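> Compute the structure for the input listed below.
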Amino acid sequence: MGAVPDARSGPIRTPDQRLRVFVSSTLREMAEERRSVRSAVEGMHLAPVMFELGARPHPPRELYRSYLAQSDVFVGIYGDSYGWVAPGEEISGLEDEYRLAPRAMPKLIYVKSTHTRDERLQELIHRIQEDDTAAYLPFEDPAQLGEQVAADLATLLAERFDESRDVTAEEDATSSLIARVPVPYSTTIGRERDIADLCGLLQRGEHRVISLIGPGGIGKSRLAIESAIAARRLFPDGTYFVALENVLEPGLLLPTIAYTLGIRDNGEAVLEERISRALEDRDVLLVLDNFEQIVDAAPVLVRLYTVAPSATFLVTSRVVLRIRGEQVYDVRPLSVPAREAPGTLDRAAGSAAVDLFVDRAQAAKPSFALTEENAGAVMDICRRLEGLPLAIELAAAKVRMLTPVGIAERLRTTLPLLTAAVRDLPERHRTMRATLDWSVSLLSAEDRALLEDLSVFAERFSVEAVEALGSGRVWDGRAIDGLTALIDGSLVKQTEVGGRTVLSLLAIVREYALGRLKERGDADHMRAAHADYYTALVRRDAGELRSASQASTLAALSIELANLRAAVRHLIYTDRLDDAADFAWSLLIYWWIMGLFGGVRVWMLELLGKEQPIRPHSRAVAWFYALWGEMWQHPSEEVVAGLAECVRLFTESGDEDAAAMALAARATARVQLPRPDIETASRELDDAVERLHRLGNGWGEAITRVSLGRVAWLRGEPEAALAHFRRASEVAESGGDLFTRSVAGNQIGRLLLVGGKTSEAEDFFRRTLVDSITLHHDEGVAYGLEGMCAIAAAHGDAHRAGALSAAAAAIRHRIGVFDVEAFTVHEISLDAVRRAQPDAVADGERTGAELSVAEAVALALPDADASVAHAVAHW
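Numbering: from 1, shown residues only. Reported below is the predicted structural model:
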């Protein structure tokens, strides 16, 4: 195979933090080859982007574009068949995908050896062979294909990893933004003036909160995203998109912001303080989308921008927040043709609403064109829909079955009747509701029922989840066909996240569908089915968090986080309190590693506030989570006593495993007391380790041994501490627990440095740095960089030591972590080399402060192999 095509686009960062590989092929003919390629891509911890819903009655060009826009590498697999050509089209989806792939995107092409190839496919392959942006290789069978894809991707990643070390500042700013702001599904039309106005407001910096206010369907979220992208250079420290659509409790605002910022809520500090520290002195923009559901939490924003005056909040909401520092920006509909304007092509072309209709109609039916014959009808459609973008998109999707004249006639007769039925709503709310009614009325009864049932899902969901909820429903057995119809009707969106096909509903569509489901009296039944499905999913997958599948399971659960929240919320709301407690406890490791204790505490306090009979085990679970933060933030004898009660309740319930974990927590609480009881804590930790080992809970044993090591260090027993950390690392490694291995490894490295064993310490810091990147654990990366800083200092490499120290400090600032103990080991080494080479260290610190995570890792590991490149791609 020739050299991998050059595509110098800066460091590898994508919305879900994994490099995405778009796989193009015919579906049925190449099914086995597709499975082989998927396995190869996933085996490298990359994300395969694969369009799986099959042939459609039209070529879904906008979906191809969406997938390709979010992808980094194009892989084409070609065999015998040219593929299906949709009615009215000239080329197949196979060729369409290749044509739509950006020229700068690396293209890896694999052609199966055969003697029966379609003539048109042979012509396409000849053109590809002449394309200097594509690399081309024949293959014989799926196994060979999988091996070759893995090898070629490894080569590509290594090359891109090297390139990321030389990224320009402008490229870096763009990449860091794209890493956090979602890619729009389609082009934005008619908002140029709004985007310019908002960029002006953001540039002046006079307002801490800018609220985009308007009814559902008017395009607030899209406008916020496009404005954030356009204004990216105003916020050199990053732009973050915080989705609040499924956040219903005001108490979850801070945990959700923290999660987006990469701040782990491990209970060790007040979350608001950590967020304030993370935002302090940083020019950042936070986009808070769909704030109206938790408007009572708006005063929290005032507290945040008061302590972080360089942070700006761009909020979308249906209602004004009414807080100090808020600038309201009313989002208006798109411009529509004047009512007296003649229905001519020239008059139609001057309307943003018409432009949007034409764009979306061409996405649905590529042969569609605005003509003198249909211009008047299109103008009428846009006027009747009052320029509401979502309403226009829904209408445009109907061109596959109706002409513009047919659509206009139906709106003329049905829209007034539908809006009259909902007179209690504001005018544009009525129009949007009526448009949804009309759009849904064109579906079959089964597809309407499916749409309504989908409303119980939060944010995004999988095809498998939909199928699981279909038992006994009218659409049971035809979920794929139904979803295809809903995607065709622009009511459901499909994309790829973490290599998985995910589906979603726009907030207003979900709200509408849920209203219909409630009217039908089925909402409680479907919410219960949803909660049951995710309860079963947690029961099935939680054990994988203790295995070699830890990283992939964390990623899969994170995709489902909104649905996990919704499931717990429903269980508590319907007084299934014991089920809610079991759900929360099953995910202890997930909450722990991901730093999500704050949200769990909100639910568990609500559970306890119900004051209804619950099992002792459930009460112990709720108190454990409630006391966890208190243990760190407000340590007291009362907290120790409360955790002792958890031990008793777990023990009486027969859950020895949970009792041992609570015992370890009680011991940790003793260490946090104003007058620490180190001796008792040490005995209790020893007891907990012995119990967890006997019970086979490797994860619990390893993390508790880390606590034992820290206690030994506090007692001035470094050799005992090192033995505990080494054993913790061994137990974690045997169970595939990357998280605890990284935590223990960093502690081992620090102790080895103190003991002068620099070479051995470097080995641990290298390994734990890769582990932390694999888990997307910022805090662990900071520890690893600090360790490598000390190693560089020990070797007299002053510039590199200064750069790594500053890079680690930047990460700590970004995630709001200021751990004095963490600085001691590497600072001692750094101070020593600073005295000898002050200018070199200072120059390195200036360089390090500007490094991205990928660049800092490249500096820390200059001789990194392909596995590190994979880890950075995963980041």
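
> how close does N697 get to S504?
For N697, the distance to S504 (Cβ to Cβ, to the nearest Å) stands at 37 Å. Where C-beta positions appear, they are placed from N, C-alpha and C, glycine not excepted.

> for the stretch 51-200 of the chain, which spans come out with low pLDDT?
Applying pLDDT under 70 to the stretch 51-200 of the chain picks out residues 51-67, 70, 132-133, 158-186.

> ok, which stretches of it are strands?
For the stretch 51-200 of the chain, the strands defined by DSSP state E, counting those that start in this stretch cover 73-78, 107-112, 134-139.

> quick check: longest helix of this structure.
Longest helix in the chain, counting residues (DSSP state H): helix 142-163.

> per-domain residue ranges of the chain.
When the chain is parsed with automatic domain parsing, its domains come out as 20-166, 174-330, 345-441, 446-546+554-559, 742-875.

> What mean pLDDT does the shortest one get?
If you average the pLDDT over domain 345-441, you get 86.

> Now do the strands in the stretch 251-400 of the chain.
Using DSSP E, counting those that start in this stretch, strands in the stretch 251-400 of the chain cover 284-289, 311-317, 326-330.

> and the first one, what does it pack onto?
I take that to be strand 284-289. helix 220-230, strand 239-243, helix 253-261, strand 311-317 (3 or more Cβ pairs under 8 Å, 6 or more residues apart in numbering; DSSP states H and E).

> Next, the buried residues of the first one.
Which is helix 220-230. By neighbour count on 16 or more other Cβ atoms under 10 Å, the buried set for helix 220-230 is K220, S221, R222, L223, A224, I225, E226, S227, A228, I229.

> Pick out the most distant pair among those.
Greatest spatial distance in the buried residues of helix 220-230: K220 and I229, 15.2 Å, computed using Cβ to Cβ.

> chain center to stretch 199-219, what's the gap?
Centre-to-centre, stretch 199-219 and its host chain are 24 Å apart (Cα atoms, centre = their mean, to the nearest Å).

> in it, what's buried?
Buried residues in stretch 199-219 (16+ other Cβ under 10 Å): 199, 201-202, 207-219.

> Which members of these are the farthest-apart pair?
Farthest pair in the buried residues of stretch 199-219, by Cβ to Cβ: R208 and G217, 27.8 Å.

> returning to that earlier point: kindly present the domains of the chain as a markdown table, with separate columns for distance to T668.
Shown next, in a markdown table, are the domains of the chain (distance: least, Cβ to Cβ, whole Å):
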| stretch | distance to T668 |
| --- | --- |
| domain 20-166 | 32 |
| domain 174-330 | 11 |
| domain 345-441 | 51 |
| domain 446-546+554-559 | 20 |
| domain 742-875 | 14 |
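
> okay, these, which one's buried deepest?
Counting by mean count of other Cβ atoms under 10 Å, domain 742-875 has the highest mean neighbour count of the domains of the chain, with a mean of 21.

> so which of the strands of the stretch 251-400 of the chain gets nearest R726?
Per Cβ to Cβ, nearest to R726 of those: strand 284-289, 40.0 Å.

> and that closest one, which strands flank it?
Looking at strand 284-289 with DSSP bridges, its partner strands are strand 239-243 (parallel), strand 311-317 (parallel).

> Now the weakest link among the ones you listed, please, by mean pLDDT.
Note on those: lowest mean pLDDT is at strand 239-243, with a mean of 92.

> How far off centre is that strand?
Using Cα atoms, centre = their mean, the offset of strand 239-243 from its chain centre is 10 Å.

> ok and that strand relative to helix 220-230, angle-wise?
170 degrees (axes from the mean of the first three to the mean of the last three Cα atoms, to 10 degrees).

> Give the rounded mean pLDDT of the helix or strand where R527 lies.
R527 belongs to helix 523-541 when assigned by DSSP states H and E. For helix 523-541, mean pLDDT is 96.

> likewise stretch 598-617?
For stretch 598-617, the mean confidence score works out to 93.

> go on, stretch 774-783?
89.

> So what touches it?
17, 45, 262, 264, 550-551, 554, 593, 738-739, 742-743, 746, 768-769, 771-773, 808, 811-812, 814-815, 817, 822, 853, 856-857, 871, 874-875 (Cβ atoms under 8 Å, 6 or more residues apart in numbering).

> gap between the two ends of it?
15 Å (Cα to Cα, to the nearest Å).

> thinking again about what came up before, relative to A620, which of the strands of the stretch 51-200 of the chain is closest?
Here strand 73-78 is closest among those (Cβ to Cβ), at 48.8 Å.

> Which neighbouring elements make contact with the closest one?
Strand 73-78 packs on strand 20-24, helix 31-43, helix 93-100, strand 107-112, helix 119-129, helix 142-163, going by 3+ Cβ pairs under 8 Å, 6+ apart.

> right, so of these, which gets closest to V295?
strand 20-24 (35.8 Å).

> Now do the closest one: distance to the chain's middle.
Worked out by Cα atoms, centre = their mean, strand 20-24 lies 19 Å from the chain centre.

> Quick one: list the elements packing against it.
Strand 20-24 packs on helix 31-43, strand 47-50, strand 73-78, helix 93-100, going by 3+ Cβ pairs under 8 Å, 6+ apart.

> Direction included, what does that strand pair up with?
strand 47-50 (parallel), strand 73-78 (parallel).

> Identify the residues contacting G796.
Counted by Cβ under 8 Å, 6+ apart, G796 has contacts V833, A836, Q837.

> Kindly report the same for G642.
W623, L627, E630.

> quick one: what helix or strand has it in it?
helix 637-652.

> circling back: what about dumping the CA coordinates of the helix holding R527 to CSV?
Provided in CSV are the C-alpha atoms of helix 523-541 (Å, rounded to 0.1, in the frame of the first residue of the first chain):
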residue,chain,number,x,y,z
ALA,A,523,-47.1,7.6,29.4
ASP,A,524,-46.8,5.8,32.8
HIS,A,525,-46.6,2.4,31.1
MET,A,526,-43.9,3.5,28.7
ARG,A,527,-41.8,5.3,31.3
ALA,A,528,-42.0,2.2,33.5
ALA,A,529,-40.8,0.1,30.5
HIS,A,530,-38.0,2.5,29.9
ALA,A,531,-36.9,2.3,33.5
ASP,A,532,-37.1,-1.5,33.5
TYR,A,533,-35.0,-1.6,30.3
TYR,A,534,-32.2,0.6,31.8
THR,A,535,-32.4,-1.2,35.1
ALA,A,536,-31.7,-4.5,33.2
LEU,A,537,-29.0,-2.8,31.2
VAL,A,538,-27.3,-1.6,34.3
ARG,A,539,-27.6,-5.1,35.9
ARG,A,540,-26.1,-6.6,32.8
ASP,A,541,-23.2,-4.2,32.2
